[in-house]
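Participant: Mind folding the following:
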Amino acid sequence: MAKNRLGRGLSAILDDVEDAYRQDIESDVSVVREIPLDEIVPNQFQPRKRFDEEALHELSGSMRQHGQLQPIVVIQKDDGYMIIAGERRYRAAKMAGFDTIKAVVADYAHEKLRELALIENIQRENLSALELAHSYRELLDEYQITQEELSNIIHKSRSQITNTLRLLQLTPHTQKLLEEQKLTAGHAKILVGLDPDSEKLLADTIAGQKLSVRDSEALVKSLKKQETPVSAERSPLSATEKSPEGLHEISEKLASFGFHVKQNRNKITLTFTEDGQIKAFLSLLSSD
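Facilitator: The predicted structure is shown next:
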């Protein structure tokens, strides 16, 4: 299938957004209009799903005190306008009680709008890690470009793009914790590659115990390592030295979580080598 080539898309659009603020405005003040807020709608292709309410209130207060310092960029749509850059300013202006907002009316083809919304947000780093991952994936799929090509276009390292995309491999449960900011991107990235059950257990443990990334890494490392099965750690029991019923199963379960376990008749010994292991063990004890 032929590539949907970017043409003057991605790289040019990065300049277009800045030009709308700089070159055009400097050369022709008339390009900036006062447009009623009720005539403007958000961009349907906007990848940002969550807006920081506290940051919006701060911006709103600044706009009430100092006015709007930078116009938003819109295009004409039906009987009104649609935002292609500056939705935070638009929301803050509404919050501040403005009736109108300063805007530059740009001329972009409809098929460029989704691309522009994605790039404008990526370039301004306004997206959460998960939203950024979805934006990268959409651009790669839409234009069938490589990660290396995307890296050159948006001026992000290839490794950064690759690591961010890995978040999409997480289960919906873990992605939800990430969206709710119960996990950071640093926590989430170290969970990639685990089986779904282990991922959920560790994600809930990290979120519930508020483990640091360092402790979380130790916990994941311990789980993956599982150096020696519990059966190899203890001496075989004779028929007359059988352990109490269920004790062996407990040992096996603990070992499956990566703990260093030794069993001797009716005694289980756990050896912790990392603080994260202790926190994880306490979390298991307190879990339902």
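Participant: CA only for contacts and neighbour counts going forward, please
Facilitator: Will do.
Participant: Can you give me the domain boundaries for the chain?
Facilitator: In the domain annotation for the chain, the residue ranges read 10-115, 123-209, 224-286 (automatic domain parsing).
Participant: So what's the model's average confidence on the last one?
Facilitator: So the one you mean is domain 224-286. What domain 224-286 shows for mean pLDDT is 61.
Participant: show me where this protein has strands.
Facilitator: 32-36, 40-41, 72-77, 80-85, 100-105, 260-264, 267-271 (DSSP state E).
Participant: worst average pLDDT in the ones you listed?
Facilitator: The minimum mean pLDDT among these belongs to strand 260-264 (a mean of 69).
Participant: Which positions in stretch 91-109 come out as buried?
Facilitator: Going by neighbour count (16 or more other CA atoms under 10 Å), the buried part of stretch 91-109 is 91-96, 98, 100-106.
Participant: circling back: any chance of the strands of the chain in JSON lines with distance to L167 as columns?
Facilitator: JSON lines is the format used below for these (distance: least, CA to CA, whole Å):
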{"stretch": "strand 32-36", "distance to L167": "39"}
{"stretch": "strand 40-41", "distance to L167": "31"}
{"stretch": "strand 72-77", "distance to L167": "31"}
{"stretch": "strand 80-85", "distance to L167": "26"}
{"stretch": "strand 100-105", "distance to L167": "36"}
{"stretch": "strand 260-264", "distance to L167": "30"}
{"stretch": "strand 267-271", "distance to L167": "32"}
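Participant: and Q65, which of those strands is closest to it?
Facilitator: strand 100-105 (14.8 Å; CA to CA).
Participant: Tell me if I'm right that L170 and D195 touch.
Facilitator: No. Counting by CA atoms under 8 Å, L170 stays clear of D195, with 9.7 Å between them.
Participant: quick one, which of those two is more surrounded?
Facilitator: More crowded of L170 and D195, by other CA atoms under 10 Å: L170, with 21 against 11.
Participant: Mind pulling up the pLDDT for the more buried one?
Facilitator: In this prediction, L170 has a pLDDT value of 94.
Participant: backbone phi and psi for it, please?
Facilitator: phi -70, psi 160 (degrees, to the nearest 10).
Participant: ditto for the one 10 residues further on
Facilitator: Dihedral pair for E180: phi -80, psi 0, per degrees, to the nearest 10.
Participant: And T146, by the same measure?
Facilitator: phi -90, psi 170.
Participant: List the residues that contact it.
Facilitator: L140 (CA atoms under 8 Å, 6 or more residues apart in numbering).
Participant: what's the answer for T184, then?
Facilitator: T184 touches L178, counting by CA under 8 Å, 6+ apart.
Participant: and if you look at L69?
Facilitator: M63.
Participant: Numbering from 215 from now on, please.
Facilitator: From this message on, residue numbering opens at 215, which makes the last subject L283.
Participant: where's it relative to Y304, distance?
Facilitator: Applying CA to CA, to the nearest Å, the value for L283 to Y304 is 12 Å.
Participant: Likewise for I254?
Facilitator: I254 is 9 Å from Y304, by CA to CA.
Participant: next one: K481
Facilitator: 65 Å.
Participant: ok, these two, which is more surrounded?
Facilitator: The residue with more neighbours, out of K481 and Y304, is Y304; 25 against 11, by other CA under 10 Å.
Participant: I'd say the more buried one and A317 touch.
Facilitator: No. Contact criterion CA under 8 Å: Y304 and A317 do not qualify, at 9.7 Å.
Participant: so what sits against both of these two?
Facilitator: Residues touching both Y304 and A317 (CA under 8 Å, 6+ apart) are I286.
Participant: ok, now how distant is A421 from G281?
Facilitator: Using CA to CA, which is the criterion applied here, A421 is 41 Å from G281.
Participant: which one of these two has more residues nearby?
Facilitator: A421 (19 against 13).
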